[in-house]
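*Asks:* need the 3D shape of this:
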Amino acid sequence: MKLTCLQENLDHGLGIVGRAVATRTTLPITQNVLLATDDGRLKLVATNLEMAISCWIGAKIEEEGSITVPARLLTEFVSSLPSDNIAINLSPQTKTLGLKCARFEARISGIDAKEFPPIPSVDEGTTTEVEVEALRQAINQVVFAAATEESRPVLTGVCTQFEGNTLTLAAADGFRLAVYKMPIKNKVSEKIEVIIPARTLAELNRLIADDEEKVTLTLNPNKSQVLFRLKSTELVSQLVQGTFPNYAQLIPKSYNTRVIVNVADFLRATKTASIFARDGSGIVRLVVTPGDESSPGRLAVSARSEEIGDDVGEIDATVEGADAKIAFNGKYLTDVLSVLHESQVALETTNPSSPGLIRPVGTENYTHVVMPMFVQW
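*Replies:* Below is the predicted model of the structure:
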């Protein structure tokens, strides 16, 4: 292998695939990155056996070849180089990769590319396209609600449903549920449901560059792998096997009280209350008071701790229905309010022991359910 490429391109490419390099592993070669010439470009690949990221960068190829070298060592060396051309030369006999940039030179011992785990190719199956902005928003508003503990593996993933022209993403961790619906370009002929690891979608969100227009998504025929294809990057991931809970039955169908408030005001009041809630199990209490002809309705957001004290913040609200009291974990409220783009949000409640429903005002495609906390009022 003999080629030249720009330092900034190689640095950028290594940064992209580096997210998939294995950290704790029983297979040492997964801590390496694969470099291979591919159709006039340099291909970089990393995998942790659950997901793999491939990235192509422009290069002037003189001799074809491939090698794997320690990812961290190569990444740190390349990022420290000046912005100039890098000449890369592989010695096939010694499996040593030589790099030369300006007045810097290095030799890195590699391992034969044949030893690198094969990267699954997902060329057949169900394929569709999604708009980048819609996908980015969907991931932002759903992925944080997935479970981080492995006790129930299906909850560490995002339930992904294809039906007609609609893609639905849903995540739950037993305390909250986030559901986002978005359009897809290619209508699917049959209803398909798979579980994509939340980590995979979080990585995809980081990979989506500002210049991307669309993402092509392909599910392999036996529903075990998913491929996301971007302009010069591909991410392929194993799917979580199992059955996702029937989340539709968790979404309240009616309410006794509906309160509409400004998102920024609600977020500020919740964050302030959360400071006092730290010693009180994270409990933030909400008290809704309907307005009358002389004054608007209001939402009081409070928290108290026996040791440090208490606080209360009031915000104006449009209230429909009776007055209400309900308590939530402050973190769950902060998480959902932080990802909303709309200026107003509606909170629907039935009673203090039933789930609360949070929906941005003016859009029908996002629903967030939070389980209440039981408190002595």
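*Asks:* any chance you could map the helices in this structure?
*Replies:* 7-17, 71-79, 132-142, 198-207, 263-277, 330-338 (DSSP state H).
*Asks:* and of these, who's closest to D38?
*Replies:* helix 7-17 (12.4 Å; Cβ to Cβ). (Glycine included, C-beta is placed from N, CA and C.)
*Asks:* so what does that closest one touch, helix or strand wise?
*Replies:* strand 41-47, strand 51-58, helix 71-79, strand 85-91 (3 or more Cβ pairs under 8 Å, 6 or more residues apart in numbering; DSSP states H and E).
*Asks:* how about 7 Å then?
*Replies:* Packed against helix 7-17 by the contact rule (3 or more Cβ pairs under 7 Å, 6 or more residues apart in numbering; DSSP states H and E) you find strand 41-47, strand 51-58, helix 71-79.
*Asks:* single out the most deeply packed of those.
*Replies:* Most buried of the helices and strands packed on helix 7-17, by mean neighbour count (mean count of other Cβ atoms under 10 Å): strand 41-47, with a mean of 23.
*Asks:* and the angle from that one to helix 7-17?
*Replies:* Per axes from the mean of the first three to the mean of the last three Cα atoms, to 10 degrees, the angle that strand 41-47 makes with helix 7-17 is 30 degrees.
*Asks:* on that earlier part again, A59 is nearest to which of the helices of the chain?
*Replies:* So among the helices of the chain, helix 7-17 is nearest, using Cβ to Cβ, at 7.9 Å.
*Asks:* buried ones in stretch 229-239?
*Replies:* 229-230, 233-239 (16 or more other Cβ atoms under 10 Å).
*Asks:* run through the bridge partners of A171.
*Replies:* A178 (DSSP bridges).
*Asks:* pLDDT score assigned to it?
*Replies:* We have a pLDDT of 98 for A171.
*Asks:* check the gap between it and T148 for me.
*Replies:* 11 Å (Cβ to Cβ, to the nearest Å).
*Asks:* which one of these two is surrounded by more residues?
*Replies:* Neighbour totals were compared for A171 and T148, and A171 leads with 29 against 10 (other Cβ atoms under 10 Å).
*Asks:* would you agree that one is in contact with A198?
*Replies:* Yes. Between A171 and A198 there is a contact under Cβ atoms under 7 Å: 6.4 Å.
*Asks:* shared neighbours, the two?
*Replies:* Taking Cβ atoms under 7 Å, 6 or more residues apart in numbering as the criterion, A171 and A198 both touch 143, 146, 158.
*Asks:* adding neighbour count and distance to A300, write those residues out as JSON lines.
*Replies:* Shown next, in JSON lines, are these (neighbours: other Cβ atoms under 10 Å; distance: Cβ to Cβ, whole Å):
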{"residue": "V143", "neighbour count": "24", "distance to A300": "31"}
{"residue": "A146", "neighbour count": "25", "distance to A300": "31"}
{"residue": "V158", "neighbour count": "28", "distance to A300": "34"}
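*Asks:* in strands, which of those appear?
*Replies:* If you go by DSSP state E, the shared contacts of A171 and A198 have V158 in strands.
*Asks:* distance of S80 from L74?
*Replies:* Taking Cβ to Cβ as the measure, S80 and L74 are separated by 11 Å.
*Asks:* go on, K100?
*Replies:* From K100 to L74 the distance is 14 Å (Cβ to Cβ).
*Asks:* one more: C5?
*Replies:* For C5, the distance to L74 equals 13 Å [Cβ to Cβ].
*Asks:* same check, this time on V263
*Replies:* For V263, the distance to L74 (Cβ to Cβ) stands at 44 Å.
*Asks:* just S237 next, same as before
*Replies:* Taking Cβ to Cβ, one finds S237 at 24 Å from L74.
*Asks:* try L227
*Replies:* Taking Cβ to Cβ, one finds L227 at 25 Å from L74.
*Asks:* look at D211 and report its pLDDT.
*Replies:* With respect to pLDDT, D211 has a value of 68.
*Asks:* repeat that for L267.
*Replies:* 97.
*Asks:* what about it, how many neighbours?
*Replies:* Using other Cβ under 10 Å, L267 has 19 other residues around it.
*Asks:* nearest to E364, of the helices and strands packed on helix 7-17?
*Replies:* With Cβ to Cβ as the measure, strand 51-58 is the member of those nearest E364 (32.4 Å).
*Asks:* quick one, that closest one and helix 7-17 angle?
*Replies:* Relative orientation of strand 51-58 versus helix 7-17 (the same axes, to 10 degrees): 170 degrees.
*Asks:* partners of strand 51-58, with directions?
*Replies:* Applying DSSP bridges, one finds strand 51-58 paired with strand 41-47 (antiparallel), strand 233-238 (antiparallel).
*Asks:* mind putting those strands in JSON lines, distance to K325 included?
*Replies:* Below are those laid out as JSON lines (distance: least, Cβ to Cβ, whole Å):
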{"stretch": "strand 41-47", "distance to K325": "51"}
{"stretch": "strand 233-238", "distance to K325": "43"}
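*Asks:* tell me which of these lies nearest to P120.
*Replies:* strand 233-238 (5.7 Å).
*Asks:* for that closest one, what is the average pLDDT?
*Replies:* Per-residue scores along strand 233-238 average to 96.
*Asks:* please renumber so the chain begins at 8
*Replies:* In the new count, where the first residue is 8, that last one comes out as strand 240-245.
*Asks:* what are the contacting residues of it?
*Replies:* If you take Cβ under 7 Å, 6+ apart as the criterion, strand 240-245 is touched by 23, 57-62, 126-127, 129, 203-204, 207, 210-211, 214, 231-235.
*Asks:* mind running it again at 8 Å?
*Replies:* 23, 27, 57-63, 126-129, 203-204, 207, 210-211, 214, 231-235 (Cβ atoms under 8 Å, 6 or more residues apart in numbering).
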